[in-house]
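Q: here's my sequence, what's the structure:
(2 chains)
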Amino acid sequence: MLKDFRIRTGAVIADGAQAFRGTSDKEQKKRFKRDRHKTKKVAVFRYAYYAPAFKYFAEQVLDCDYLALPQATRRTMELGIQHSADDVCTPFKHMMGDWIEALEGGADVLVQVGGPCRLGFYGEMQEEILRSLGYDFTMLNFSHGIEQGYVGWAKEVMKTVNPDINVPHGVKQLLACGSMMTKLDEARDLYMANAGFETERGSYRRAWEALLDAFSLCQTPKEIDIAFGSFMDRARSIKLDKPEHPIRIGIIGEMYTAIDMASNLDLDEKLMAMGVEVHRMLNFTNRYTRYNEPNLRRSISDYVAFDMGPTTTLTVAAAKRYAEEGFDGLVHAKCAGCTPEIDAIPVIRRVAEDYKIPVLYLTYDTETSDTGLMTRLEAFYDMLAMKKEASLR
Amino acid sequence: MAILETVNSGRPIRRIGLPRALLHYRYGALWETFFQELGYETIVSGPTTKAILEAGDRASIDEACLASKVYLGHVAQIADEVDAFFIPSLASVDHRKGFCTKFQSLPDMVDNTFRDQKLDIISLSIDDATDEKRTQTAYLDMATRLGALKSHAKKAYKKAVTAQAAADEARAAHLAETVSLVEKYRKVAAGHVQEEKQVPPLILIVAHPYIAHDRYISGDIEDAIERSGGVIAFADEHDHAKALKRSYGFSETLPWLINRELAGATLELADVIDGIVSVSAFPCGPDSLFTDALMRRVGNVPLLHLTIDAQSGSAGVQTRIESFIDILRFKKEGGYLDA
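A: Sure, this is the predicted structure:
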């Protein structure tokens, strides 16, 4: 019995029998729990503002260490381009750069999510490319186990990363991780709507960054709630000078590029800096946590009969809702070669025609220049501003 | 709403249009037979021409793939001659046997693209094309919506499935015959140095059926291979079920049915072919990853990849094919020390 325990916990023999006899039941339990932790370093690709949630996932759900990636640089992009097929969609290249930098930084486990389009095949190809480059690592690829849904994914996690996960605890923490992502989205929505009108420049940004820092330190659902509460408190007290009819722009598009600031070259920040109220229905919450595609599609049944692709329903529904609510313009952002969003464009065009709302179509690849983007956004803004002025007169 | 939920009483439907593009090359026999058996006249657009491609190009978003542009061209070609188009939506419920999202969005994409022309579109949604029962239900439901009796629809569907199976078998037989002829030639020539040199190299074309069998898109490639003395086998003609099964040895998570069939067929034929020419339409989503996987995983078979876009000229293709086949011949003769 005693021997059995040692083997199971992996306790060191030297502090064996005596130490064990001297501990109470409660302490034994605690030690058992601590030993579930694996010191593997888990890295997740860079994606928008979700890093604190990825950290929470690695530490609290997988019960491993988390390897934080620094800001992406030009080098990240170059590594990605160098090791990806030419005509693959741009997120693949961003992620390849992320993986190489993560592995250089000491990552043991890479987490790839899988998904309904090409994304479903990303993991397998990226793993193969990295192995052929000679890297040694484990990939937790959620394209495996997808047939069985959550059960399959749980099995995959236990098999590849940490067999000692306390499953009920892990599930609870996974829900907390989801709630953190929802709160990040909620905070970002508030930020995008208001940061363009703050009287003291940078107040929102500071509050937002404090929230990211606080979320990075959270270990329990309660801490998440407290951190979020203090952000909301701080954000609401920021003084705004908002005109009665601000220019409002809705960002729509593809799940990665329309949200990820490294990919879209800070699209939302650039618009906010011009004094625009920015909205973006597309985020983790609306695409995953609360996604009910058939019901969402009811709102656009004048335009489409079927689900057209991974985020197309959300893209079109958002476009129509913004148009109905009298927004001044839409920005459609996607990566080069994104088939589902290319196929959404004919539909967006019809919505734009019917509601007479201007749309700026942006396609990002690895060569998209910051200045070029700025010029287009400024021209778009000027056009909207003139239109607005004429309509208010 | 131009996608018909029920029969539009004001406008009788007699002629149903089937664009000769995309999955028509895969399910055409099924679709034609089904509608004919239900009593409709089916109108299939003619082979792709320059005019069709240009019309498709004009109707399309610039960034759409060549195959998609060609499809819209075919729709425009016969729009005046038909009462309604049949354009199904193929979703990817099974993560291992799905389709490019293009096939999911097609009916709505066509509907919105040609909104001013007010096309009528008959459609249905197929969750999982390999699930025979659910696929049948989808087709029968559609027939009922069009006003057919259930028993009649069932009979029609049965005939349609038989017709499709016959077409698939004929293709598989054609492939098997090509391969066996080359193998016979090899056997006869074996041991004779001069004759062995004359055995034509067997080239496997790995491409989606709507690329491989659309003469306007890939005809130049096929002609160039034949002019250079090669014999062509098409990977998409291989027995689909067998190829699909084999493809799990190629990749576990590959999400697309057609790419799976191509991969499986390539593995099945890897020992008998001399080289692979893989052809993609620009920019093909699935192929952007699949071709990379193919290059990494087919092992010792030499591979030439060609991407075709609307501006491709035939001269470049000719040169590349010629040199590829020269290399194959040279290699066969033991030309390269380490090859």
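
Q: residues in contact with residue 45?
A: You didn't say which chain, so I picked chain A. Going by C-beta atoms under 8 Å, 6 or more residues apart in numbering or on different chains, residue A:45 touches A:94-95, A:98-99, A:110-112. For glycine as for every other residue, the C-beta is placed from the backbone atoms N, C-alpha and C.

Q: other chain: chain B
A: B:17-21, B:52, B:74-75, B:77-78.

Q: excluding its backbone neighbours, what's nearest residue B:30?
A: Spatially, and ignoring its direct neighbours in sequence, residue B:30 is nearest to residue B:164 (3.9 Å; C-beta to C-beta, 6 or more residues apart in numbering or on different chains).

Q: and the residue in the stretch 151-300 of chain A that chain B sits nearest to, how many neighbours does it have?
A: Closest contact between the stretch 151-300 of chain A and chain B, by C-beta to the nearest C-beta, is at residue A:300 (9.7 Å). Counted with other C-beta atoms under 10 Å in any protein chain shown, the neighbours of residue A:300 add up to 23.

Q: surely it forms part of a strand?
A: No - counting by DSSP: H, G, I helix; E, B strand; the rest coil, residue A:300 falls outside a strand, being coil.

Q: is it true that it touches residue A:315?
A: No - contact criterion C-beta atoms under 8 Å: residue A:300 and residue A:315 do not qualify, at 9.7 Å.

Q: what about the contacts of residue A:45, which are in helices?
A: Within the contacts of residue A:45, residues falling in helices by DSSP state H are A:94-95, A:98-99.

Q: got JSON lines for these, with neighbour count and distance to residue B:297 too?
A: Formatted as JSON lines, the ones in helices among the contacts of residue A:45 follow (neighbours: other C-beta atoms under 10 Å in any protein chain shown; distance: C-beta to C-beta, whole Å):
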{"residue": "A:94", "neighbour count": "27", "distance to residue B:297": "25"}
{"residue": "A:95", "neighbour count": "26", "distance to residue B:297": "21"}
{"residue": "A:98", "neighbour count": "24", "distance to residue B:297": "24"}
{"residue": "A:99", "neighbour count": "27", "distance to residue B:297": "20"}
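
Q: out of those, the closest to chain B would be?
A: Nearest to chain B among the ones in helices among the contacts of residue A:45, counting by C-beta to the nearest C-beta, is residue A:95 at 12.6 Å.

Q: show me which residues of the stretch 251-393 of chain A sit near chain B.
A: Residues of the stretch 251-393 of chain A lying close to chain B (C-beta under 8 Å from any C-beta of the partner chain) are A:301-310, A:312, A:336-337, A:339-340, A:342-347, A:349-350, A:363.

Q: mark which of those are buried, thanks.
A: Among these, those classed as buried by 16 or more other C-beta atoms under 10 Å in any protein chain shown are A:303-310, A:312, A:336-337, A:339-340, A:342-347, A:349-350, A:363.

Q: next SSE downstream of the lowest-mean-pLDDT helix or strand in chain B?
A: When the helices and strands of chain B are scored by mean pLDDT, DSSP states H and E, strand B:3-4 comes last with a mean of 64. Per DSSP states H and E, the first helix or strand lying C-terminal to strand B:3-4 is strand B:15-18.

Q: for the residue nearest the centre of chain B, which non-adjacent residue is spatially closest?
A: Centroid-nearest residue in chain B: residue B:209, 1.8 Å away (criterion: C-alpha atoms, centre = their mean). Excluding its sequence neighbours, the residue lying closest to residue B:209 (C-beta to C-beta, 6+ apart) is residue B:25, at 3.9 Å.

Q: what about the residue nearest to residue B:30, how many neighbours?
A: Neighbour tally, residue B:164, other C-beta under 10 Å: 19.

Q: let me see the mean pLDDT of the strand or helix carrying it.
A: Under the criterion of DSSP H and E, residue B:164 resides in helix B:150-189. Summarised as a single mean, pLDDT over helix B:150-189 is 96.

Q: so the closest residue to residue A:303 other than its chain neighbours: helix, strand or coil?
A: Ranked by C-beta to C-beta, 6+ apart and with sequence neighbours excluded, the top spatial neighbour of residue A:303 is residue A:347, at 5.3 Å. Look at residue A:347: counting by three-state DSSP, its state is helix.
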